[in-house]
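*Asks:* let me see the structure of the following:
(one chain, ligands or ions: 2)
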Amino acid sequence: MNRIECDLLVIGAGSGGLSVAAGASQMGADVVLLEGHRMGGDCLNYGCVPSKALLASAKAAYGQAHTAAFGVADQRPQPDYAAAKDHVHQVIGTIAPVDSQERFEGLGVRVIREFGHFTSETEVEAGPHRITARRIVIATGSSPLVPPVPGLDKVPFETNETLFDLREKPAHLLIIGGGPIGMEMAQAHVRLGCKVTVIEGQKALGKDDPEAAALVLEALRSEGVEIAEGAMVSRVGGQAGAIEVETKDGSTFHGTHLLMAVGRKANTDRLNLEAAGIETRGNGIKVDESLLTTNRRVYAIGDVAGGMQFTHVAGYHASVIIRSALFGLPSKVKASHIPWATYTDPELAQVGLTETQARDRYGVKLEVVRFEYEHNDRAIAERKTKGFIKVMVSGGRPVGATIAGHQAGELISLWSLALANRLKMSQIAAMVAPYPSFGEINKRAAGAYFSPRLFESSLVKRAVRLVQRWIP
Ligand SMILES: Cc1cc2nc3c(=O)[nH]c(=O)nc-3n(C[C@H](O)[C@H](O)[C@H](O)COP(=O)(O)OP(=O)(O)OC[C@H]3O[C@@H](n4cnc5c(N)ncnc54)[C@H](O)[C@@H]3O)c2cc1C
Ligand SMILES: NC(=O)c1ccc[n+]([C@@H]2O[C@H](COP(=O)([O-])OP(=O)(O)OC[C@H]3O[C@@H](n4cnc5c(N)ncnc54)[C@H](O)[C@@H]3O)[C@@H](O)[C@H]2O)c1
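*Replies:* Ligands and ions are numbered 1, 2, ... in the order given. Below is the predicted model of the structure:
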């Protein structure tokens, strides 16, 4: 056995682990990074990057068929599914060097390409190495959840780990699960010329504001995606090329290919957590608000910590623990300013409380202000008028924002800034947005908060009349 001692041992080289390793090493810590599979983890190889690249191919195909309104004749798109996958892999290849072993070794990190597991509270074994560290970070991510649906073990199916390598175009893709993976892949595939059916046990995009989700679902349905809601899958049958999915309400769906997108399972199986005294809860490792596990020398970050499962959350977790692991300073996670976005067209984005959550918390004191895309001049020019923003306001400060529409994922960042810094609506209203931009939507939402106070106030009107009488 090769014995290694270091300041910080990071297990998993995905979004979270890479951020910790890069930051800690560049600040002078002696860092060892373990990765048993692909550098870059889910986001680069099987998640955010390939899914957004495939959506970009799909958007190009859709765009070709929808130009007539702009005075340019529509064309019949001829999407080549395998070539779209080439594009996906080129995009992965372009980004991969940033996450590569070579780059991290260049930053001074010792990278070991092995799976690690605990042998005691202070020691991790990885291949021929036995590693002890002052602090250990578990950043092992999550994997597709495959539920024990009867018959599923007898038919071929895709998950996010296999879909981006599939080169034969599915004639009819059945997707079980109407969360962000299911809906993004539904739109990507329908636009690439596949027939698509989404089979969702409860409500599609059910974690989002219902009004915003409805707008996105309507858009997808209008493009031809069949979405069955309240359709809990009870059995899967058939064979390659002829898959059958039965639901509890007695319906049967037929397709050629099947994608499972029913959520995630934390990657804890290989870690031998018991040996280190690390407890799990729900869907992940039990952590406190500093992301410490029940072993006070060990942190858990990103998907494996069982909270919001996004790349930017894993990166944020990394920044939180670097402060405490390297400098010994207190550092806690907050969730109120963490946004998320689903990159369908139109996009759907949320930060802070949804309207329902805000009404529950603030009751009659809550004000909800909104602005519609159809009144934004840039949206009119670009024919992107479907959508809205609504901002939940309490005591003059935003407590949540929901945007459904073009570039919602870009526009939501302003509200994350506002929530992170407890900005007031007056500070948002003081911003000047360039005309004509989609960004004006944010300013107009803030304006909607002040309009009734200024334009419908008898006090303001009286004050103006009084002043006008006296000024020359
Ligand atoms: C299809 C899809 C689309 C997505 N789109 C988005 C998006 O648009 N935006 C967004 O913010 N998020 C998105 N996500 C979520 C995002 O990918 C994850 O939240 C993010 O990758 C989590 O980072 P992580 O570091 O926790 O884990 P991961 O990135 O999964 O990395 C964990 C790494 O640990 C390694 N590992 C596991 N066990 C061990 C072990 N015992 N020893 C050594 N190494 C180990 C794994 O091989 C892996 O490389 C998407 C996810 C999917 C599946
Ligand atoms: N744009 C993004 O940021 C993005 C994109 C994709 C994924 N992600 C991340 O990945 C995570 C996982 O995504 P996901 O879509 O797999 O999970 P999810 O948990 O968000 O959605 C899964 C859906 O499957 C349904 N379901 C579960 N069992 C079922 C059954 N037997 N029959 C029918 N429906 C069933 C659930 O009701 C739920 O709506 C997300 O929560 C998110 O954190 C993010």
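*Asks:* tell me which parts of the stretch 301-450 of the chain are close to ligand 1?
*Replies:* Remark: the part of the stretch 301-450 of the chain in contact with ligand 1 comprises Gly302, Asp303, Val304, Gln309, Phe310, Thr311, His312, Ala314, Tyr343, using CB under 6 Å from any ligand atom. No exception for glycine: its C-beta is placed from N, CA and C like everyone else's.
*Asks:* OK, contacts around the fifth one?
*Replies:* In this structure, Phe310 makes contact with Ile338, Trp340, judged by CB atoms under 8 Å, 6 or more residues apart in numbering.
*Asks:* with the last one instead?
*Replies:* The neighbourhood of Tyr343, defined by CB under 8 Å, 6+ apart, consists of Ser51, Lys52, Leu55, Glu184, Gly409.
*Asks:* switch the cut-off to 7 Å
*Replies:* Lys52, Leu55, Glu184, Gly409 (CB atoms under 7 Å, 6 or more residues apart in numbering).
*Asks:* could you say which helix or strand holds the second one?
*Replies:* Using DSSP states H and E, Leu55 falls within helix 48-64.
*Asks:* again, but for the last one
*Replies:* Secondary-structure assignment from DSSP H and E places Gly409 in helix 408-411.
*Asks:* ok, back up a step: the residues of the stretch 301-450 of the chain next to ligand 1 in helices, which ones?
*Replies:* Per DSSP state H, helices hold the following members of these: Thr311, His312, Ala314.
*Asks:* may I see those arranged in a markdown table, with pLDDT, neighbour count and distance to ligand 2 as well?
*Replies:* Listed next are these as a markdown table, based on pLDDT from 0 to 100; neighbours: other CB atoms under 10 Å; distance: CB to the nearest ligand atom, whole Å:
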| residue | pLDDT | neighbour count | distance to ligand 2 |
| --- | --- | --- | --- |
| Thr311 | 98 | 20 | 8 |
| His312 | 98 | 16 | 8 |
| Ala314 | 98 | 28 | 10 |
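*Asks:* and which of those residues is nearest Ile11?
*Replies:* Comparing these against Ile11 with CB to CB places Ala314 closest, at 13.3 Å.
*Asks:* state the distance from the closest one to His37.
*Replies:* In this structure, Ala314 and His37 are separated by 16 Å, where distance is defined by CB to CB, to the nearest Å.
*Asks:* that older thread, just flag the most distant two among the residues of the stretch 301-450 of the chain next to ligand 1.
*Replies:* Farthest pair in those (CB to CB) is Val304 and Tyr343. Separation: 23.6 Å.
*Asks:* run the chain-centre distance for the strand or helix carrying Lys461.
*Replies:* Taking DSSP H and E as the criterion, Lys461 maps to helix 458-470. Between the centre of helix 458-470 and the centre of its host chain there is 50 Å, according to CA atoms, centre = their mean, to the nearest Å.
*Asks:* now do the contacts for His317.
*Replies:* When the contact criterion is CB under 7 Å, 6+ apart, the partners of His317 are Gly16, Leu291, Ile301, Gly302, Ala305, Val333.
*Asks:* tell me the pLDDT of the fifth one.
*Replies:* Spelled out, it's Ala305. For Ala305, the model assigns a pLDDT of 97.
*Asks:* run a quick neighbour tally on it.
*Replies:* 26 (other CB atoms under 10 Å).
*Asks:* doesn't Ile285 make contact with it?
*Replies:* Yes: taking CB atoms under 7 Å as the definition, Ala305 is a contact partner of Ile285 at 5.9 Å.
*Asks:* just read off the phi/psi values of the spatially most central residue of the chain.
*Replies:* Of all residues in the chain, the one closest to the mean position by CA atoms, centre = their mean is Phe310, 4.5 Å from it. According to degrees, to the nearest 10, the main-chain angles of Phe310 amount to phi -140, psi 150.
*Asks:* residue contacts, Val391?
*Replies:* For Val391, the set of contacting residues under the criterion of CB under 7 Å, 6+ apart consists of Val369, Pro398, Ala401, Ala445.
*Asks:* actually, Lys386.
*Replies:* Lys386 sits next to Leu215, Ala219, Pro346, Tyr373, Gly405 when contact means CB under 7 Å, 6+ apart.
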